[in-house]
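Q: Sequence isn't available, so here's the structure alone:
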């Protein structure tokens, strides 16, 4: 299994903090956001390689970080930094575009752990991986934001009694639930092949959720609903909230 971490955004909503630094390397609780994610990925034994997709603007920032990270964590899984070649927010490939870029660039034909790397979460990926192994199907992680007005900013999901995805809508005006996709996915290689079918049909490669909105009508997709905290680091307010949470965790430790 390979892991793909999506770090190709330009952090426009966090400017000027992201003028010269990608938001994934902003400090939260004493270390970069990205390193919190990698701590979770390290626990997934099946992952034998990590591809981090970024852009031309921040490529060298990630290269410098990766050298330092490898020095500090000699037993960590190997990380390869991929440059998608874009240099501005207007030229970006989009989240799904970067997934396709990584898969084709590295010839990935294995199961995949896919993470939008502006996430922070307290739950362990091992529980989600266990569901993936049991179902043999794509599994997406959900979190209940408990607020329909907030849910409008995410991919909103409905599930049945068996945890199977029955409805997925990206940023609906009138959400039917408060369960949202967190940008964390386990995909079997079979569904990776369906990405090519999706693209051939001409569907958007901007948002990852658009693919799952399409996929669950073709294949069973299961949902892992996390009970522990989850943060989408998209604004300064969310960054500050996450920083307070992780600072408090450090005190408790």
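A: Received it, and whenever you're ready, just let me know what you need. If you're wondering where the values come from, they're calculated on a predicted model, not measured in any experiment. Numbers count the residues shown, from 1 in each chain.
Q: Look up how far residue 71 lies from residue 181.
A: Distance, residue 181 to residue 71, using Cβ to Cβ, to the nearest Å: 35 Å. Glycine gets a C-beta too; all of them are placed from N, C-alpha and C.
Q: higher neighbour count, these two?
A: residue 181 (23 against 8; other Cβ atoms under 10 Å).
Q: Assumed the more buried one was part of a strand.
A: Yes - the assignment for residue 181 is a strand, going by DSSP: H, G, I helix; E, B strand; the rest coil.
Q: What's opposite it in the beta bridge?
A: Beta-bridge partners recorded for residue 181 (DSSP bridges): residue 142.
Q: Check it and give its pLDDT.
A: According to the model's per-residue confidence, residue 181 sits at a pLDDT of 96.
Q: wait, isn't residue 120 in contact with residue 241?
A: No - Residue 120 sits out of contact with residue 241 when judged by Cβ atoms under 8 Å, with a separation of 9.9 Å.
Q: Point out where the stretch 151-253 of the chain drops to low pLDDT.
A: Judged by pLDDT under 70, the stretch 151-253 of the chain has its weakly predicted residues at 250-253.
Q: what ranges do the helices span in it?
A: With DSSP state H, counting those that start in this stretch, the ranges of helices along the stretch 151-253 of the chain come out as 189-200, 208-215, 236-252.
Q: quick one, what contacts residue 84?
A: The neighbourhood of residue 84, defined by Cβ atoms under 8 Å, 6 or more residues apart in numbering, consists of 8, 53-56, 92-93, 97-98, 101.
Q: To clarify, my last question referred to residue 185.
A: The neighbourhood of residue 185, defined by Cβ under 8 Å, 6+ apart, consists of 112-115, 138-141, 208, 212.
Q: rerun that using 6 Å as the cut-off
A: Contact partners of residue 185, counting by Cβ atoms under 6 Å, 6 or more residues apart in numbering, are 114, 140.
Q: One more: residue 41?
A: Neighbouring residues of residue 41 by Cβ under 6 Å, 6+ apart: 3, 47.
Q: now residue 138
A: Contact criterion Cβ under 6 Å, 6+ apart gives 187, 191, 221 as the residues in contact with residue 138.
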